[in-house]
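Trainee: need coordinates for the below:
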Amino acid sequence: MGGCISAGRGFVHINARCDMEPCPFAPFSDVTVINTPLKEAFQSKFFRRIRQVPELSREKGGRCVLWQERKRVAAILADVKEGHAD
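Mentor: Residues are numbered from 1 along each chain as shown. From the prediction side, this is the model:
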């Protein structure tokens, strides 16, 4: 594939609180799998937005692009939580 496969492009991470995160290195979430089916959780607004930003899936020399761009990822999550995203 080349590049980051997080946010449901290849895998996700479910933390100890059952929050679904793009990957273990990006501790950001807008959905819990306690009461949300996995199929629905994969389509969360936050995950959709991350998948729509090409820069957040590009190869970064073996380093986690979501962690390197964590301020941008946090801003996307805040935007989603405020209701400014589809």
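Trainee: neighbours around residue 18, how many?
Mentor: By other C-beta atoms under 10 Å, the residues close to residue 18 number 14. All C-beta atoms are positioned from the backbone trio N, CA, C, and that covers glycine.
Trainee: correct me if wrong: it contacts residue 29.
Mentor: No - with contacts counted by C-beta atoms under 8 Å, residue 18 stays clear of residue 29, the gap being 9.5 Å.
Trainee: so how far is stretch 14-30 off the chain centroid?
Mentor: 8 Å (C-alpha atoms, centre = their mean, to the nearest Å).
Trainee: export that stretch to PDB, keeping only CA atoms.
Mentor: Extracted C-alpha coordinates of stretch 14-30, given in PDB (Å, rounded to 0.1, in the frame of the first residue of the first chain):
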ATOM      1  CA  ILE A  14      -9.100  -0.300  20.500                       C
ATOM      2  CA  ASN A  15      -7.700   0.900  23.800                       C
ATOM      3  CA  ALA A  16      -8.500  -0.400  27.300                       C
ATOM      4  CA  ARG A  17     -11.500   2.000  27.600                       C
ATOM      5  CA  CYS A  18     -12.900   0.500  24.400                       C
ATOM      6  CA  ASP A  19     -12.300   3.700  22.400                       C
ATOM      7  CA  MET A  20     -11.400   3.000  18.800                       C
ATOM      8  CA  GLU A  21      -8.300   4.900  17.800                       C
ATOM      9  CA  PRO A  22      -6.700   5.300  14.300                       C
ATOM     10  CA  CYS A  23      -3.600   3.400  15.600                       C
ATOM     11  CA  PRO A  24      -1.800   2.700  18.900                       C
ATOM     12  CA  PHE A  25       0.500   5.700  18.300                       C
ATOM     13  CA  ALA A  26      -2.400   8.200  17.800                       C
ATOM     14  CA  PRO A  27      -4.500   8.200  21.000                       C
ATOM     15  CA  PHE A  28      -7.400  10.100  19.500                       C
ATOM     16  CA  SER A  29     -11.000   8.900  19.300                       C
ATOM     17  CA  ASP A  30     -14.600  10.000  18.700                       C
END
